[in-house]
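Q: structure of the sequence below:
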Amino acid sequence: MNMKFRDSENELIRIFRFFSGGVALVFMLLQVAPGPLGRIDPAGRRAMFLFSLTYGVIFIYLIVPGLQGLMKSFYLPPVLIAASVIPIAIINAKYRQLMSTGGSINTLDDTMTVTILLIFPLITTAWKYRFSIVFLFFVVMGFLDPLLIILVNESFTPEIYNAFNASLVRILALGAVGFMITELRDRQRYERRQLEEANRKLEDYAKASERLAASRERNRIARELHDTLAHTLSGLAIQLEATETVIDPNNDQLKTMLDRARTTVRDGLGETRRALKAMRSSPLEDLGLTLALGRLADDASGRDDVAVTTDLPVEIPDWDESLEEGVYRIAQEALENIVRHAHASESFIKLTGDMTFLKLEIRDNGRGFYPPHVPDDGRYGIRGMKERAEALGGKITIESQPGKGTHIMFLWGAES
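A: Purely as a prediction, here's the structure:
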């Protein structure tokens, strides 16, 4: 369950707790109130006492610590049923007592009282369950009223007719309120999901922008170092080479010093070039996996007379960077083999997956080979692709026959 939805549900239960305690207190005060309220008939007093007792028990039930965690999904139904059925039963018990003593029945006032008491169980039910359950529940509650009166009176009286009409009005009113609440709830959940999705995309965009800015800065620094430090060291190495031609060939000490200086400069230049190469970002960092694979396909098409088509998703899940790097390197090695060895005219790259799995497929219509007969010397990069796939926790399969092309498939995750 979504954490925000759980918080709103807990807030609703907290309000229901206060509602139950308030109703119990109001009916308790009505029983002991002086003045006109003190002349309530015995049936009315008995109904008020039962209302106080019912909502008092509901209040105690809702404040018991740890009960919600213990009962989980069975926590609310007993409260909702009790808060819906018992008020109707109490009013009908009042009718029965009044009929037995010949007292007058005020159907309208009692119907209003029951309707008001049913409002909050309706709100809670509509927030928790779908509308069909809400409507069915309150249809049953609505017709329970006249049904109990018929069972008590054993005949169709004007009171039953009035109660029946009042029940229809109650069903329509409560049904309309329940429908609006469920619609608002569903709309809120939909908008929350949309907002969460928009936030996720915004975070992904921010991360991608940050990576792109960092890679561009590294590339800028690498270019400046190449134009300054690397060129300076290269010029110094050339000058040292030229110096050796003008010094006294018999000066062994100076020649030794020049050889050491030249070696130091060459080693420094080599280290500088390696550092610059490591500093430069890969296409994967600049473009993302999908665009980087597309560029690989374009480069392969430009190097040889092979048409490379792609089936790549517009948006990809937030895979781990090491996984994306591995997929890129496998595709790079496979396309290199197609260009150098397959003599293919067509090739195809397809990438699919979600957060639980990833599948990369590369096909060509080249000359093919027998995979078991390929020497395991790294000449075709097959060993490197397999080792990279194993390091990522996936597996790679290679299907090929002479004259029938090659199919390479890398699987990671649920399907691997």
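
Q: after the lowest-mean-pLDDT helix or strand in the chain comes which helix or strand?
A: Ranked by mean pLDDT, DSSP states H and E, the weakest helix or strand in the chain is helix 283-287, scoring a mean of 67. Helices and strands here follow DSSP states H and E; after helix 283-287, the next one along the chain is helix 289-303.

Q: so which bits of that following helix are buried?
A: 289-290, 292-294, 296-297, 300-301 (16 or more other CB atoms under 10 Å). The C-beta positions use only the backbone N, C-alpha and C, and glycine is treated the same way.

Q: and for stretch 45-62?
A: Quick answer for stretch 45-62 (16+ other CB under 10 Å): 46-48, 50-52, 54-56, 58-59, 62.

Q: repeat for stretch 333-352
A: By 16+ other CB under 10 Å, the buried positions in stretch 333-352 come out as 333-335, 337-339, 342, 344, 347-351.

Q: list the contacts of that stretch.
A: 289-290, 293, 296-297, 300, 303-313, 316, 327, 331, 358-368, 380-381, 384-385, 405-406, 408 (CB atoms under 8 Å, 6 or more residues apart in numbering).

Q: next step: these restricted to helices.
A: Residues of the contacts of stretch 333-352 located in helices (DSSP state H): 289-290, 293, 296-297, 300, 303, 327, 331, 384-385.

Q: could you list the domains of this structure?
A: 3-200, 211-279, 283-413 (automatic domain parsing).

Q: lowest average confidence across those domains, which one?
A: Per-stretch mean pLDDT for the domains of the chain is lowest at domain 3-200 (a mean of 75).

Q: tally of neighbours for the closest residue to F135 other than its chain neighbours?
A: Leaving aside its sequence neighbours, F135 sits nearest to G175 (CB to CB, 6 or more residues apart in numbering; 5.4 Å). Using other CB atoms under 10 Å, G175 is surrounded by 18 other residues.

Q: ok so, going back, buried subset of the contacts of stretch 333-352, written for PyMOL?
A: Remark: buried members of the contacts of stretch 333-352, expressed as a PyMOL selection using 16+ other CB under 10 Å:
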select buried, resi 289+290+293+296+297+300+304+306+308+312+316+327+331+358+359+360+361+362+363+364+365+366+367+368+380+381+385+405+406+408
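
Q: picking up where we left off before, out of the ones in helices among the contacts of stretch 333-352, flag the one nearest to I91.
A: When the ones in helices among the contacts of stretch 333-352 are ranked by distance to I91 (CB to CB), T290 comes first, at 66.5 Å.

Q: quick one, what contacts that closest one?
A: Each residue near T290 by CB under 8 Å, 6+ apart is listed here: 312-314, 316, 351.

Q: contact partners for A24?
A: A24 sits in contact with 51-56, 58-59, where contact means CB under 8 Å, 6+ apart.

Q: give me the phi and psi for the residue lying farthest from the centre of the chain.
A: In the chain, the residue that sits farthest from the middle, by CA atoms, centre = their mean, is N250; the gap is 78.3 Å. Main-chain torsions, N250, degrees, to the nearest 10: phi -90, psi -10.

Q: picking up where we left off before, tell me the two of the ones in helices among the contacts of stretch 333-352 that are most distant?
A: It's T290 and G384 that sit farthest apart of those, by CB to CB, at 23.0 Å.

Q: next, count neighbours for M71.
A: If we define neighbours as other CB under 10 Å, then M71 has 12 of them.

Q: in which helix or strand does it reside?
A: Short version, using DSSP H and E: M71 is in helix 67-71.

Q: how about that helix: buried residues?
A: Buried residues in helix 67-71 (16+ other CB under 10 Å): none.

Q: what does it contact?
A: 13, 61, 75.

Q: what of stretch 258-270?
A: Outside stretch 258-270, the residues touching it (CB under 8 Å, 6+ apart) are 230, 233-234, 236-237, 240-241, 243-244, 247.
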